[in-house]
Each structure stands twice: as C-alpha cells, then as structure tokens.
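>>> Need a 3D model of the sequence below.
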Amino acid sequence: MFRIITFEREYGCGCAGIAAELAGRLNWKLWDHLLTEEIAKLAHVDCRAVEEHDEKIDSAFYRLAKVFWRGSYERSMPMLEAQAFDADCMVSMMERIAGKIAEEGNAVVVGRGAPYFLRDRPDTFHVFLYAPRSEKVRRLLASGTSQSEAEELVDTVDRERMTFIKHYFNADWPTRSLYHLMINTEMGDEGVLATILNTKRRLEEKPALAGPGLRRVR
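Numbers count the residues shown, from 1 in each chain. You can find the predicted model right below:
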C-alpha cells in the first residue's frame, strides 16, 4: 500500500496544481510550499532565503569561500543565520523532513530531492511530469507570466535542477528508473490525475509489480 507520492517535474508543466488536486482527492497532506515553510522554520530564516536556494547549487565562488572560511581563524566567529543558510543546509534539512514525512505517511511531496531521499521505500509512489516546451510556455502565460519571462524560465530552471540532482545525488535528471510513471501533462490535468490514481491502484493490487520503473505512461 502506497502512503506517499512524490513528484518530480519539468518547470511549467503544471505540477503544482496537479499535486494539490491529487492531495485534495486523497485527503493527504501536500508538501510543496509547506516544505519551504518547514525548512525556513528549522533554519530560523525567512522563506525567501529558502527559495533562493530551492533546487539550486551555490555558486563556485561561494563554495570556494566557504572552504576558506572553514579553514580560517574566522570559523570561530558567529555567522548571521541568513548568511549561514545555503544549499548544503537546505538539502540537509530536507533530508530530515523527508524522514518525518515518511513516518507520518499520507503525503504528496513535490520536488526538493524527495524522490531520491525516499527512493528505497516500497510505500512510496514516484511520478515525473513533463511537457513540450510550447505547452509549458502556454501554462505559464495562462498564470500571468509574460512571454519573455516564461521562455526564459522554461529554458533555465530545469538546467538548474539537473545540476542540483547531479551535485547532491550523483544522478542524471530525470532518473528514469526511479519513477513508476512519467507523464506528458499535455494530455490535460484530469487525464494525468486519472492515470496516476489508476496506476497506483493497479500496482497496489499487484504488490510484486510495485517497483519503480516497471510501469511508465508517456
């Protein structure tokens, strides 16, 4: 029986709305923006500080400066919390929260490395959502994003996510063997939701087949 559903996604494919609708239908807890809030609370920083490091790695200059700082006499000097919070800190806290989510169950989790932190759990159902570039731009325009910004975000955010996954999990993005389903959201949100729920149910009826990568819908 699956107790957790994780989503990984291409930017602009509509994952946030699909995940929220799925959580509502299942009456499960949605961990999307709530993850940002939980990390901010644990780190004692503003949500904006967390969003700046969301599924990104720190710059090469910052990482070099951090190594220098750790080895200098200044390491004994207290750092401001906002300065101390970085991508490494965010990933460490996300790992802790993933353990909490696993204990509680009945959760829909969006991104932030969740599929990788929970990859060995047989009670977790993994979904990857994607869409053609034109569909992602269309969805972003419908949400009020300008044409130029939509195109820039579609072209850059996924590259950052790819680098993030490679850096912290030494894996390609997307890791196709990890997911039970990889779905093109151009079919429409209702079709995506029906596919997820139907496949989840079928795999629960056949426990021997409930391993990631054994069934994909494109």
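
>>> Distance of residue 18 relative to residue 130?
12 Å (Cβ to Cβ, to the nearest Å). Heads up, the C-betas are built off the backbone N, CA and C, glycines and all.

>>> Common neighbours of those two, please.
Residues touching both residue 18 and residue 130 (Cβ atoms under 8 Å, 6 or more residues apart in numbering): residue 185.

>>> So for stretch 206-218, mean pLDDT?
For stretch 206-218, mean pLDDT rounds to 51.

>>> cool, and stretch 161-180?
For stretch 161-180, mean pLDDT rounds to 94.

>>> and it, how far from the chain's centre?
Its chain's C-alpha centre and that of stretch 161-180 lie 11 Å apart, by Cα atoms, centre = their mean, to the nearest Å.

>>> Low-confidence ranges, this protein, go.
By pLDDT under 70, the low-scoring segments of the chain are 58-83, 207-218.

>>> Quick check: what element follows the lengthiest helix in it along the chain?
Determined from DSSP state H, the single longest helix within the chain is helix 147-169. Next in sequence after helix 147-169, counting helices and strands by DSSP states H and E, comes strand 181-184.

>>> Parallel or antiparallel, list what pairs with that next one.
strand 124-130 (parallel) (DSSP bridges).

>>> ok and the strand it pairs with relative to helix 147-169, angle-wise?
Orientation of strand 124-130 against helix 147-169 (axes from the mean of the first three to the mean of the last three Cα atoms, to 10 degrees) gives an angle of 140 degrees.
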